[in-house]
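> Got a predicted structure plus its sequence, pasted below:
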Amino acid sequence: MYILKIKRTLFISAVILFAGFLNAYAKSDETYDALRMMVDVMEIIDNNYVETTKPKDLVIGAINGVVRTLDPYSQFMDEKAYKEMKTETQGSYGGVGLRIMMQDGILTVLTPMPDTPAYYAGILPEDKIIKIDEQSTENMSSDEAVKLMRGNPGTFVVLTISRPKAKEELVFKIKRKMIKIETVKKMMLEDNIGYIRLSEFNAQSAEDVANMLNDLSKEKAKALIFDLRNNPGGLLESSVNICELFIKEGSLVVSTKGRDKALEQNYYTKKKPLFPDIPLVILINKGSASASEIVTGTMQDYKRALVIGGNSFGKGSVQTIIPLSDGNALRLTIAKYYLPSGRTIVKQDVKKGIKSGITPDVFIEVSPETEGKLYMQSESVKLSKDDNEPKIEDEVLQTAVKIIKADKVNEYINNHEKYLHDYPKETQKIKSDESKINNKETENGKTEERIKK
């Protein structure tokens, strides 16, 4: 009995510490009752489970369970995961090069990063990862998945994928390598149209984009196509700094609002724009998320850019990293992003009829297979007539070029329905594409339910 009392005291101490961490113990008697129930369950497990358990492991398991009930982005990170997260932000690690997240309880690819093993293997945004090696991803956190996919360069990992419209699961055996990311690329397209593709928002992104725009201006670029397709986001400050290049000083870019009023902030441009007048077209797709959506939505709200492509991903929440004891950390959602117009960036919810993220002015649906092939050939984007290499037609990019050449960017920004009037053949196609998307989203919902079962 004495030993049981000691164990119970340890459990109670651990759970009270857990409660203090959540600041939940001061709320109500209901919270105390829930914590007592947790202590009872942990004691029953300790006394009766088939194998010996440790109080700390049970408490960490409870924390993981609590965090998973919040949203797809909040995560508990143990010491190893926290170190790996910091390593990634420093720019290199051994792995396959996937951005992943939980979507409707399923481990989902946000985007493969350019020039990485996953990128060349043909993994696509919105692919569902069913297995990593032989381990099922059911009830697996994204941090746990990252641990399994990372490893020494030269070693292999096998990913089993479920993809919309694919009749069978797809299996990819991928060789890990050291992941280093080239985040920005420029090109002069036909008819003096500048092109910049940004694959991630980091501390250098705004400066890099400004330098490339200066270079393109010296080459007499008359307009800019800013490609944010498959850009999963990054630093909030970077998105604000990029908006400073195009909109007037003192403009509101984004607001953050949460339960804690102290976390409410407004982010304004602080410099005179270097390129306030250049015609601007932004390209997005379902792999465009977070900071990409802030830039796109802000430019759209100020009628500063014409947005072309598919709906963006819909990640409109703010996370912060809170260091904990023993080297652990908590990534917690503390606020939501609000664009200058007051709208937020919503997550896709097919059942409720909510569309995902930013809706483009000119909607062009591209199949996941085509997106993947375009993504792989995007390292050598050319639209010039002397390009003899066979390429897949990039309808989104070519539409942007067509509109710029017709000098219709500003006209369509102010009245994007005019595009369908000027190009009537596109009207039926776009309606057909939207119908396909609705059918696909319904089917995806059914697929996800089958996966869960």
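Cool, the structure landed.
> in the stretch 151-300 of the chain, which spans are helices?
Here the stretch 151-300 of the chain has its helices, by DSSP state H, counting those that start in this stretch, at 205-218, 236-243, 291-301.
> again with the stretch 1-150 of the chain
Using DSSP H, counting those that start in this stretch, helices in the stretch 1-150 of the chain cover 2-22, 29-48, 55-68, 79-89, 117-121, 142-149.
> So for the fifth one, what gets flagged as buried?
By that I understand helix 117-121. By 16 or more other C-beta atoms under 10 Å, the buried positions in helix 117-121 come out as 117-119, 121. Placement of C-beta: from N, CA and C, glycine included.
> will you turn these into TSV that also has distance to residue 344?
Converted to TSV, the buried residues of helix 117-121 look like this (distance: C-beta to C-beta, whole Å):
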residue	distance to residue 344
117	35
118	30
119	31
121	34
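> mind listing what the residue nearest to residue 299 when sequence neighbours are not counted touches?
Spatially, and ignoring its direct neighbours in sequence, residue 299 is nearest to residue 305 (3.7 Å; C-beta to C-beta, 6 or more residues apart in numbering). Contacts of residue 305 were listed using C-beta atoms under 8 Å, 6 or more residues apart in numbering, and they are 226, 246, 280-282, 296, 299, 413.
> could you give the mean pLDDT of the lengthiest strand in the chain?
Ranked by residue count under DSSP state E, the longest strand found in the chain is strand 329-338. What strand 329-338 shows for mean pLDDT is 90.
> hey, C-alpha coordinates of that strand in CSV?
The C-alpha coordinates for strand 329-338 follow below in CSV (Å, rounded to 0.1, in the frame of the first residue of the first chain):
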residue,chain,number,x,y,z
ALA,A,329,8.8,22.7,-26.7
LEU,A,330,5.2,23.5,-27.6
ARG,A,331,4.2,24.8,-31.0
LEU,A,332,0.9,26.5,-30.2
THR,A,333,-1.6,28.4,-32.3
ILE,A,334,-2.1,31.7,-30.6
ALA,A,335,-3.9,33.9,-33.2
LYS,A,336,-5.4,34.1,-36.7
TYR,A,337,-4.4,36.2,-39.6
TYR,A,338,-6.7,38.8,-40.9
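> what's whichever helix or strand comes after that strand packed up against?
Sequence-wise, the next helix or strand downstream of strand 329-338 (DSSP states H and E) is strand 362-363. Where contact means 3 or more C-beta pairs under 8 Å, 6 or more residues apart in numbering; DSSP states H and E, strand 362-363 is packed against strand 306-309, helix 424-452.
> switch to 6 Å and redo it
When contacts are defined as 3 or more C-beta pairs under 6 Å, 6 or more residues apart in numbering; DSSP states H and E, strand 362-363 packs onto no helix or strand at all.
> count of residues packed around the residue found closest to residue 303 once you drop the neighbours it is linked to in the chain?
Leaving aside its sequence neighbours, residue 303 sits nearest to residue 413 (C-beta to C-beta, 6+ apart; 5.0 Å). Using other C-beta atoms under 10 Å, residue 413 has 21 other residues around it.
> again, but for residue 167
5.
> wait, isn't residue 158 in contact with residue 134?
No. Contact criterion C-beta atoms under 6 Å: residue 158 and residue 134 do not qualify, at 7.8 Å.
> Give me the more crowded residue out of the two.
Applying other C-beta under 10 Å to residue 158 and residue 134 shows that residue 158 carries more neighbours, namely 12 against 7.
> ok, now which ones touch that one?
Going by C-beta atoms under 6 Å, 6 or more residues apart in numbering, residue 158 touches 133, 173.
> what's across from residue 128 in the sheet?
Beta-bridge pairing for residue 128 (DSSP bridges): residue 108, residue 162.
> For it, give its distance to residue 164.
For residue 128, the distance to residue 164 (C-beta to C-beta, to the nearest Å) stands at 9 Å.
> Counting neighbours around each, name which of those two comes out higher.
When neighbours are counted by other C-beta under 10 Å, residue 128 comes out ahead of the other of residue 128 and residue 164, with 21 against 16.
> what's near enough to touch that one?
By C-beta under 6 Å, 6+ apart, the neighbours of residue 128 are 106, 108, 162.
> swap in residue 316?
Counted by C-beta under 6 Å, 6+ apart, residue 316 has contacts 336-337, 344-345.
> Not counting its neighbours along the chain, what's nearest it?
Residue 316's closest residue in space is residue 345 (C-beta to C-beta, 6+ apart), at 3.0 Å.
> Check residue 135 too.
residue 148 (6.6 Å).
> Same check on residue 294?
residue 239 (4.4 Å).
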